[in-house]
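> Have a look; sequence and predicted model below, questions after that.
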Amino acid sequence: MTEAGHVPDHAADHAPDPEKVRGALDLLAGISQPLALALGEGCEVVVHDLTNLDNSVYAIAGGVTGRTVGAPPTNLLLQHVLDGAEDDIIGYPTVLPGDRTGRSSTIIVREPGTGVPMAALCLNIDVTNVRIAHELLGSLLEPTTSATEQNAATEGSEGSEGSDTHEVFPRTVGDLTDQIVAEVIQGAGVPVGLMKKSHKLEVVAELDRRGVFQVREAVAEVASALDVTRFTIYNYLNELQARASEGQS
C-alpha cells in the first residue's frame, strides 16, 4: 500500500489505455460547451476522467455547481466508480449548492473491448424554477384545504425529495473527503475523543466502502479526523483486508 491510496483489487485488474482515455476525454470536452448551450440556462455539462479521481473534472461548461477544472468527483460518482460503474444513472434528483433543486444524469464511457469505465459525462440541471411553477400550478388545481393541511403536504413533499439523493458537489479534494469523513464519524454515534479501536476500525471500513481511500492524501485527512497517525490508518486498512481474505465480517 502506498500514500497514493488504497485501491480495491477489482480496480487494479485493468487500467484503460491512456491514449484511448485521452481521446475520449478530448471528444467529450469538445462537445461540452455546445451541449450546455443547447440545453440552455441553468444546465451544466461535466466531463470526468475516471482514471484520475483526485482531480477528475476534465472539462466543465455552465456554472450550476460552481466547480472548475481539476475538482474531484462527487460523493455519488466516487461510490458509483467503486461499485464498478456498470450502469448509467439517468434523471435522479439532487440538491444543488444553495439548496436549489437539481436533476442530474451520469453517463459512463467505457473502453472499447474491455468495457472498463474510463470517463463520465454528467449533466446537472437546475429545476428550481420548474419545481416552484409546478407547485404553484398544482395549488391552483387542488381543492381548497386548511392552511395546516397545505403546510403538512408541502413539508412532506420537500422532505421526500431531498432525501432521495444527497449528492455533494465538492470544489476540492479536501471538500470531498471532509464531507464524507464527517458524515461517517457522525453516523458512528461516538465522539472521536471517546472512540476505541473497534469504533475507529468501523469508521475506516465504512470510508473504504465509500471509496475515500481511492483519493490521494485521503489517509492524512482521515488520520487527522480520527486523531491517529497515517501509519495507524494503514494498519487498520491492512487489518480489514486480512479479515476480508479470511472471510470475516
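Structure received. Keep in mind that this is a model prediction, so the values were computed, not measured.
> Identify all contacting residues around the helix or strand Ala24 falls within.
Secondary structure assigned from DSSP states H and E places Ala24 in helix 18-39. Contacting residues not belonging to helix 18-39 are listed as 43-47, 49, 51, 58-62, 109, 111-112, 118-119, 121, 123, 125 [Cβ atoms under 8 Å, 6 or more residues apart in numbering]. C-beta coordinates here come from the backbone N, C-alpha and C atoms, glycine included.
> redo that, cut-off 6 Å
43, 45, 47, 49, 51, 58-59, 61-62, 109, 111, 118-119, 121 (Cβ atoms under 6 Å, 6 or more residues apart in numbering).
> for stretch 202-220, same thing?
Contacts made with stretch 202-220 from outside it, assessed by Cβ under 6 Å, 6+ apart, are listed as 4-6, 53-54, 78-79, 82, 173, 177, 180, 184, 188, 230, 233, 236, 240.
> hmm, which of the residues you listed are the buried ones?
Buried subset of these (neighbour count, 16 or more other Cβ atoms under 10 Å): 5-6, 53-54, 78-79, 82, 173, 177, 180, 184, 233, 236, 240.
> what's the helix or strand harbouring Ile108 packed up against?
Secondary-structure assignment from DSSP H and E places Ile108 in strand 100-110. Judged by 3 or more Cβ pairs under 6 Å, 6 or more residues apart in numbering; DSSP states H and E, the packing partners of strand 100-110 are strand 89-96, strand 117-126, helix 128-141.
> rerun that using 10 Å as the cut-off
Using 3 or more Cβ pairs under 10 Å, 6 or more residues apart in numbering; DSSP states H and E, the elements in contact with strand 100-110 are helix 18-39, strand 43-49, helix 75-82, strand 89-96, strand 117-126, helix 128-141, helix 147-164.
> ok, what's across the strand from the residue nearest to Ala85 when sequence neighbours are not counted?
With Cβ to Cβ, 6 or more residues apart in numbering as the measure, Pro117 is the residue that lies nearest to Ala85, at 4.2 Å, once sequence neighbours are left out. Beta-bridge pairing of Pro117, defined through DSSP bridges, involves Arg110.
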